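Peer 1: Structure, please.
(chains A and B)
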Number of protein chains: 2
Amino acid sequence: MTNLGLPQPYLLFLGDTTCVPDAKTAFGLRDWARERCIGEYALPASTVTTGLPLLTPAQARAKGARSLVIGVAPVGGVIAAAWVPALVEALEVGLDLVSGMHTKLEDVPQLSSAAARLGRRLINIRQPPTNLPVGTGRKRSGKRLLTVGTDCALGKKYTALTLTREFKKRGVDADFRATGQTGILIAGGGLPIDSVVVDFVAGAAETLSPDAAPNHWDVVEGQGSVFHPSYSGVSLGLLHGTQPDVIVMCHEVGREWVLDLEDYPTPSVPEAIELTLTLARRTNRQVRCAGLSLNTSMLDEAQARTILAEYSGQLHLPVADPLRGGPELDRLVEACLSGCPT
Amino acid sequence: MTNLGLPQPYLLFLGDTTCVPDAKTAFGLRDWARERCIGEYALPASTVTTGLPLLTPAQARAKGARSLVIGVAPVGGVIAAAWVPALVEALEVGLDLVSGMHTKLEDVPQLSSAAARLGRRLINIRQPPTNLPVGTGRKRSGKRLLTVGTDCALGKKYTALTLTREFKKRGVDADFRATGQTGILIAGGGLPIDSVVVDFVAGAAETLSPDAAPNHWDVVEGQGSVFHPSYSGVSLGLLHGTQPDVIVMCHEVGREWVLDLEDYPTPSVPEAIELTLTLARRTNRQVRCAGLSLNTSMLDEAQARTILAEYSGQLHLPVADPLRGGPELDRLVEACLSGCPT
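Peer 2: Okay, here's the model as predicted:
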């Protein structure tokens, strides 16, 4: 949770990706740490762009970049062989490497030897601290909000960042608690929950949001979904360990199937809220769902406002798209804080 | 999943434990691999015994023991400093060390130096294979049974071992799939599911029970409980990855509170069955609960038969204590296999 002292500003590396959701680290940094991003660099096969200036490592270095951040995260979190020449090139021109992949940078022989030869740093932000405790379920002081979801990669981090910003605007003492590589890069600290040994995952979540002042809020970045056949263990350990007072469900309009998996429909929003609350009550009997964060990035403004109102009418809960703001977001924020004196 | 080639027979080490459930590895080996256990060794502070002959490492070595197995597993899985002199003593007299703890044996300097000096092996069965895949949720061929529970340490392994034995007696092609250190020591293979990085826990469960012949059964040893505030992530990842056709709920008479945790009641058996089935349907819509395995070890025979009948009447399901056998067990086994041609 300490500041990681990452070398900034960053050059964002997109690899050879053709899948926008896989590049969520790059987009997250563009949106929430724009002032610390010099540009992007991609292999010719990539079809994705953040819209930042396209720069070679040498050009980025000349403009002041101090590290290349791997901004893509394919399933499994492995450093692709096709990326290695570009990563070595970055080291050659004077950039350190920052990675949120499961594979450690130094486990790629070309990278470890180039870094050693050039005196560059290889920084793996997905390595959790050692000696994490087993969860205890003990009730902690302070308040906690966890963003949860119907699937991966549909807005849990953006929702948590937005809610933290809005809480602070209203004078509420709040901290964003990062649980994934992008959040950690943005916040400069956190805990990569999906890289923890599963016996310690609830304990890691407990460590991430420790005892605090009664009116302090930890706004914890959720991961995955308890409905996700690959990652439900991450989501449930995080849910039980966080012991949230409030959950905010996150969904994307039109996301009818789980990302990258055949044959798995996303749950309906009411079904997702009900099961998540049932599970969450195990460690906090007072937990409530404040509302829905709906990713409407596929829609135009008028369509988006209409569908937010439709969902809100059906759920009898505030429904907002954090990236669009507006009165819907105000209502969601107020519902999160409702009954809780600031 | 390969045979681990463990040096046998074993001397079972009980450390300084005063808690019978913590010694479940030693009791499991006594009960399911008796012919491979020479005796037990305990520090003076220990109040627990398996009933096997109490032997020093030197005496055990003289009787043919080839390794000392750490037979206790306190919360967190750490090798206690108080055990180290006894473990070094075992190495000195010619025994290898086998451990299912989270701490690696070689991470204890006195053990790594003694083993190196004496040419002894340090075997850590709780180290999962590297390069486990992320779960896919893909439907696999063959049949799977998973033992699940209201808590830890109340009979999931014994139930799976007993059901495997009973399936085989009835001519059913079945394999016991071990997920914990004791099961792995008994079976000579398996996968220590609680030591896997949480992102890969469902994938590990998928790897453990691969595609098989249509009438083949994998009987998978469950871990923890989806209600356990510390370990629910293990349990849900294992449940989703196993995609069981049948679950058998496991409970202990009188276990009203979660082991080692204050303030957490165990769920009722119907509540546990309902929530576990709700979660399990995500990866196998046909999953059903065949019945309840009830640990009645605290009761005498007459009391036990009475309470088995009471639970069965309330649940409208077969209820058996695997260690007592009898017609109740036959009914539970038949319910597991019901509708499934052998």
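Peer 1: residues in contact with residue A:164?
Peer 2: Residue A:164 makes contacts with A:174, A:175, A:176, A:219, as judged by Cβ atoms under 8 Å, 6 or more residues apart in numbering or on different chains. Placement of C-beta: from N, CA and C, glycine included.
Peer 1: If you could redo that for residue A:49, that was the one I meant.
Peer 2: Going by Cβ under 8 Å, 6+ apart, residue A:49 touches A:14, A:40, A:42.
Peer 1: Closest one of those to chain B?
Peer 2: Nearest to chain B among the contacts of residue A:49: residue A:14, at 21.4 Å, using Cβ to the nearest Cβ.
Peer 1: Could you check how far the closest one is from residue B:139?
Peer 2: Residue A:14 is 34 Å from residue B:139, where distance means Cβ to Cβ, to the nearest Å.
Peer 1: Mind checking which of the two has more residues around it?
Peer 2: residue A:14 (25 against 10; other Cβ atoms under 10 Å in any protein chain shown).
Peer 1: The more buried one reaches residue A:23, doesn't it?
Peer 2: Yes - counting by Cβ atoms under 8 Å, residue A:14 sits close enough to residue A:23 to count as a contact (5.7 Å).
Peer 1: pLDDT of stretch A:51-60, averaged?
Peer 2: For stretch A:51-60, mean pLDDT rounds to 97.
Peer 1: Also stretch A:151-171?
Peer 2: Across stretch A:151-171, pLDDT averages out at 96.
Peer 1: How far away from the center of its chain is that stretch?
Peer 2: 10 Å (Cα atoms, centre = their mean, to the nearest Å).
Peer 1: Equivalent analysis for stretch A:93-104, please.
Peer 2: In this view, stretch A:93-104 has its centroid 18 Å away from the chain centroid, taken as Cα atoms, centre = their mean.
Peer 1: Can you check which residues contact both of residue A:14 and residue A:23?
Peer 2: A:48, A:50, A:71, A:72.
Peer 1: Which single residue in the stretch 1-150 of chain A comes nearest to chain B?
Peer 2: residue A:137 (3.2 Å).
Peer 1: Which pLDDT value does the model give that residue?
Peer 2: Note on residue A:137: pLDDT of 97.
Peer 1: In a helix, it, correct?
Peer 2: No - counting by DSSP: H, G, I helix; E, B strand; the rest coil, residue A:137 is not found in a helix; it is coil.
Peer 1: Verify the contact between it and residue A:242 for me.
Peer 2: No - using Cβ under 8 Å, residue A:137 makes no contact with residue A:242, being 11.4 Å away.
Peer 1: how about the residue lying farthest from the centre of chain A, phi and psi?
Peer 2: Relative to the C-alpha centroid of chain A, counting by Cα atoms, centre = their mean, residue A:117 is the outermost residue, at 33.7 Å. Backbone geometry at residue A:117, expressed as degrees, to the nearest 10, gives phi -60, psi -40.
Peer 1: Show me the shaky parts of the stretch 1-150 of chain A.
Peer 2: Scanning the stretch 1-150 of chain A with the threshold set as pLDDT under 70 gives A:1-4.
Peer 1: Which residues of the stretch 1-150 of chain A lie near chain B?
Peer 2: Contact residues (Cβ under 8 Å from any Cβ of the partner chain) of the stretch 1-150 of chain A with chain B: A:75, A:76, A:77, A:102, A:133, A:134, A:135, A:136, A:137, A:138, A:139.
Peer 1: Can you flag the buried ones in these?
Peer 2: A:75, A:76, A:77, A:102, A:134, A:135, A:136, A:137 (16 or more other Cβ atoms under 10 Å in any protein chain shown).
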